[in-house]
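1. Quick one: sequence and predicted model below, then my questions.
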Amino acid sequence: MIDLVQSGANAFFRLPGLQFSVKLVDAQFPPYQQVIPRNVERTVVAPRAALTDALRAVSIAASDRTGASS
């Protein structure tokens with residue numbers, strides 16, 4: 001189980017034996033079409049479940065609606 005607490009511009013994550021914090025970014029991001037190249041020469045293969053779990057975790061942390069009770 002992960003405890004997630006947001007306080008101001010910081011998010012705190014607590015797991016058994018581990019605690020860390022991140023600073024939440026309040027910024028305007030550029031359109032991804034200007035940042036990600038159109039043509040790439042490399043491919044990354046990742047297990048679907050692990051990638052889905054990681055994206056879900058990032059989504060929760062990045063959400064500006066995440067509250068202390070999440």
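-> Right, received. Where do you want to start? Numbering: from 1, shown residues only.
2. List the buried residues in stretch 9-17.
-> Residues of stretch 9-17 classed as buried under the neighbour-count rule (16 or more other CB atoms under 10 Å) are 11, 13. Heads up, the C-betas are built off the backbone N, CA and C, glycines and all.
3. what packs against the top helix by length along the chain?
-> Ranked by number of residues, the top helix in the chain under DSSP state H is helix 48-62. Contact partners of helix 48-62 among helices and strands, from 3 or more CB pairs under 8 Å, 6 or more residues apart in numbering; DSSP states H and E: none.
4. gap between it and the chain center?
-> In terms of CA atoms, centre = their mean, to the nearest Å, the centre of helix 48-62 is set 7 Å apart from its chain centre.
5. Alpha carbons of that helix, as CSV, please.
-> Below are the C-alpha coordinates for helix 48-62, written out as CSV (Å, rounded to 0.1, in the frame of the first residue of the first chain):
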residue,chain,number,x,y,z
ARG,A,48,2.0,-4.2,-20.7
ALA,A,49,1.0,-4.7,-17.1
ALA,A,50,4.2,-3.0,-15.7
LEU,A,51,3.9,-0.1,-18.1
THR,A,52,0.2,0.4,-17.3
ASP,A,53,0.9,0.3,-13.6
ALA,A,54,3.7,2.9,-14.0
LEU,A,55,1.6,5.2,-16.1
ARG,A,56,-1.3,5.0,-13.6
ALA,A,57,1.1,5.9,-10.8
VAL,A,58,2.5,8.8,-12.7
SER,A,59,-1.0,10.0,-13.6
ILE,A,60,-2.0,10.0,-9.9
ALA,A,61,1.1,11.9,-8.9
ALA,A,62,0.8,14.4,-11.7
